[in-house]
Structures are given as C-alpha cells and as structure tokens.
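Undergrad: give me a 3D structure for the following:
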Amino acid sequence: MKAKKYELTVKSVGRVFKSEGSTLEEALGKIKIGNGAKSMCVLTVKKGNQIKERIINGIYAHRLFSEVGPTMKEIAIKKVTELIGI
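TA: Take a look at the predicted model:
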C-alpha cells in the first residue's frame, strides 16, 4: 500500500507556491518565500481525498516560510499542524 503524500499550496500576495512531502512538516519545509512572507497566506493541504484550507496570519507565515531560527520554525509548524488537523 502506497503512503499518501501531503500536497501543499500557499497563496500569498498574488504568488503561488506548491510542494509535496511524505509528512506535513516535510512539505512545509520545502516552501521558501524570497524576501519573507509578511502578509496573510492561504494554505491548502491535500492528503488523499481530504482537503483543508486555512488562512495563516502574517506572523506565522513569516516564521514558516522565511529564514528564521529553527526554534521559531518548529513552534510555527506545530501551531499550523494543529490548525490543519490532518
């Protein structure tokens, strides 16, 4: 049986970023937004036939997709993982 992959789409200020990963954390880590993500983003997560769409505020978008310290990134990943709930 093949494990289902996470497919992510991030929409931020007219830009669209996509990634895939075997875990949500891996897929989130593959998205890098140049010059930071300081505005709200729409995060769409698809796993199999489940699709969740959430709005991520600017602070968490910056912590997830910009160059920040590993502790800040881990905290943001934990919060977004709880928010998504897949």
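
Undergrad: buried residues in the longest helix along the chain, which are they?
TA: Ranked by number of residues, the top helix in the chain under DSSP state H is helix 70-84. Applying a neighbour-count criterion of 16 or more other Cβ atoms under 10 Å, one finds Lys73, Ala76, Ile77, Val80, Ile84 buried in helix 70-84. All C-beta atoms are positioned from the backbone trio N, CA, C, and that covers glycine.

Undergrad: same question, stretch 9-17
TA: Thr9, Val10, Ser12, Phe17.

Undergrad: contact partners for the residue sitting nearest the centre point of the chain?
TA: Geometric centre of the chain, nearest residue: Leu28, 4.2 Å, by Cα atoms, centre = their mean. Leu28 makes contact with Leu8, Ser19, Gly21, Leu64, Ile77, Val80 under the criterion Cβ atoms under 8 Å, 6 or more residues apart in numbering.

Undergrad: neighbours around the second one, how many?
TA: Applying other Cβ atoms under 10 Å, we find 16 other residues in the vicinity of Ser19.

Undergrad: unless I'm mixing things up, it is touching Glu25, no?
TA: No: with contact defined as Cβ atoms under 8 Å, Ser19 does not reach Glu25; the gap is 11.4 Å.

Undergrad: name the helix or strand for Leu28, please.
TA: Per DSSP states H and E: Leu28 is located in helix 24-29.

Undergrad: which element follows that helix toward the C-terminus?
TA: strand 41-47.

Undergrad: could you dump the helix or strand hosting His62 to PDB, C-alpha only?
TA: Using DSSP H and E, His62 maps to helix 58-65. Taking C-alpha atoms only, helix 58-65 is exported to PDB below (Å, rounded to 0.1, in the frame of the first residue of the first chain):
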ATOM      1  CA  GLY A  58       1.500  37.200   8.700                       C
ATOM      2  CA  ILE A  59       3.500  36.300  11.800                       C
ATOM      3  CA  TYR A  60       3.100  32.500  11.300                       C
ATOM      4  CA  ALA A  61       3.600  32.800   7.500                       C
ATOM      5  CA  HIS A  62       6.900  34.600   8.200                       C
ATOM      6  CA  ARG A  63       8.000  32.000  10.700                       C
ATOM      7  CA  LEU A  64       7.100  29.100   8.400                       C
ATOM      8  CA  PHE A  65       8.400  30.300   5.000                       C
END
